[in-house]
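Here is a sequence together with a model predicted from it:
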Amino acid sequence: MAGGGGQNLAPIIIKKIKKGGEGHHGGAWKVAYADFVTAMMAFFLLLWLLNVTTSEQKQGIADYFSPASPSKQESGAGGVLGGQTITVPGAKINQSSPPQLTVPVPSMPASANSEEQVEDFDSSTKGRPDGTQDKVGQGEAGDSGGPGDSRLDALEKAGEIRQADKNRDGKIDEKELKEALAKLEQEQFQRTAQELRQAIQQVPELRELSQNLVIDNTPEGLRIQLVDQEGYSMFPSGSANMLPQTAQLMALVAQAVGKLPNHLSVSGHTDSTPFAAGSSRSNWDLSTERANASVRALLAAGVPENRIDQVTGRADRDHLFPDDPRSPRNRRVSIVLLREQELAGGAAPAGAAPAQPAGPTPRR
């Protein structure tokens, strides 16, 4: 080798290894572990809730999961979900009143299946010593005066008639049943008219308006009319805006008719005095607007909207005094409490009086 001082150097080998990700070992265990942790959390949460809740709160939770139904049984139906335990026999009975639903009493239409409906009504009274029904969802004692009470009275009356017919010859006379229901409805109309007159007399500022109120019976039903008098009107001339006292009177009418379930028909009427020449409005417009204003007042006083059956404007086509078409007493709003039971043979109801308002009141 050249240069004796040289050294023999060993070669240096550098080995480079490329590192990569480890192979997949599977992650199904993570799902199982997550389920386990979730179950443990729910378990300990349940233990905590059982520790912090009072017995009243637990009772309320149990009541929440009790099914509410219109049946005559108390809560707790037995079985797996009946509130039973291994050591205590019997179902868990709620210490307070069981859940209840208010079941409306069905109407009694005047049709061919009236006998079947009366039969259904009486069947619910069987098995009771006094023949009365279990009242489901009944309110506080003393609550009365609603439409349901009047309907219940009619059904009870129908049950009495049916029982009397059965005791006599074993058959039901449908004609007599309809007549009895119509008579009962007429008695309710007369009671409503009397209560309305008494209510007006109890309000000092409305006593003088009693002459503007005309109540009579028609084949269609009980007709309540707010009639203008000489010197005093229910509405300003040519306007559909009610005067304050008219609105008060309409509220009393709504209170009276609200106790019965019958539908209502509202119509507006004017006299034959035309609008000024060139006006775009007519008596048809005015009568319709006043009828709509009356409906709005009834709804505001609490009459349900579904009881309004018809709203019409009659203009000057149906005068109260045909011989005097321009009389202010022809200007009126008629509210008819429609009959649900047809009168026998279409005859006029008993005690019907002609719709004649009282004499004129003093000018104001």
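Arrived safely, thanks for sending.

Show the end-to-end separation of stretch 47-56, please.
End-to-end distance for stretch 47-56: 17 Å, by CA to CA, to the nearest Å.

in the protein, which ranges drop under the pLDDT threshold?
Residues of the chain meeting the criterion pLDDT under 70: 1-6, 20-25, 67-173, 343-364.

at 80 instead, please
1-8, 17-27, 63-176, 231, 341-364 (pLDDT under 80).

residues contacting E195?
Contact partners of E195, counting by CB atoms under 8 Å, 6 or more residues apart in numbering, are A256, K259. C-beta here means a position set from N, CA and C on the backbone, and glycine is covered the same way.

where does V336 land in three-state SS?
On the three-state scheme (DSSP: H, G, I helix; E, B strand; the rest coil), V336 is labelled strand.

Now do the contacts for it.
Contacts of V336 (CB under 8 Å, 6+ apart): T218, E220, G221, L222, R223, I224, L264, S265, V266, S267.

Select from the residues you listed the one having the most neighbours.
Among the contacts of V336, L222 has the most neighbours (other CB atoms under 10 Å), with 27 neighbours.

so it makes contact with F189?
Yes: shown here, L222 and F189 form a contact pair, counting by CB atoms under 8 Å, at 4.1 Å.

Kindly list the longest helix within this protein.
Ranked by residue count, the top helix of the chain under DSSP state H comes out as helix 174-201.

Let me know the angle separating whatever helix or strand comes next after that helix from helix 174-201.
The helix or strand immediately downstream of helix 174-201 is strand 213-217, counting by DSSP states H and E. Orientation of strand 213-217 against helix 174-201 (axes from the mean of the first three to the mean of the last three CA atoms, to 10 degrees) gives an angle of 170 degrees.

list the residues that contact both of L222 and F189?
Common contacts of L222 and F189, defined by CB under 8 Å, 6+ apart, comprise L337.

returning to what we had before: which one of the contacts of V336 sits closest to A256?
I224 (7.9 Å; CB to CB).

ok, that closest one - contacts?
A193, L196, L213, V214, I215, V253, A256, V257, S334, I335, V336, L337.

what's the distance between the first one and I215?
Applying CB to CB, to the nearest Å, one obtains 5 Å for the distance of A193 from I215.

Pull up the overlap in contacts between those two.
What both A193 and I215 touch, as defined by CB under 8 Å, 6+ apart, is the set L222, I224.

can you redo the contacts of V336 as CSV with secondary structure?
CSV is the format used below for these (three-state DSSP):
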residue, secondary structure
T218, coil
E220, coil
G221, strand
L222, strand
R223, strand
I224, strand
L264, strand
S265, strand
V266, strand
S267, strand
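
got those residues as TSV, with distance to L47 columns?
TSV is the format used below for the contacts of V336 (distance: CB to CB, whole Å):
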residue	distance to L47
T218	73
E220	70
G221	67
L222	67
R223	71
I224	67
L264	61
S265	66
V266	65
S267	70
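
what's the helix or strand for K58?
helix 55-64.

and that helix, what does it pack onto?
Contacting helix 55-64 under the criterion 3 or more CB pairs under 8 Å, 6 or more residues apart in numbering; DSSP states H and E is no other helix or strand.

Could I get the full set of strands for the stretch 251-364 of the chain?
In the stretch 251-364 of the chain, the strands defined using DSSP state E, counting those that start in this stretch lie at 264-269, 308-313, 332-338.

of those strands, which approaches Q202 most closely?
Using CB to CB, the strands of the stretch 251-364 of the chain put strand 332-338 closest to Q202, at 20.3 Å.

now the angle from the closest one to strand 264-269?
160 degrees.
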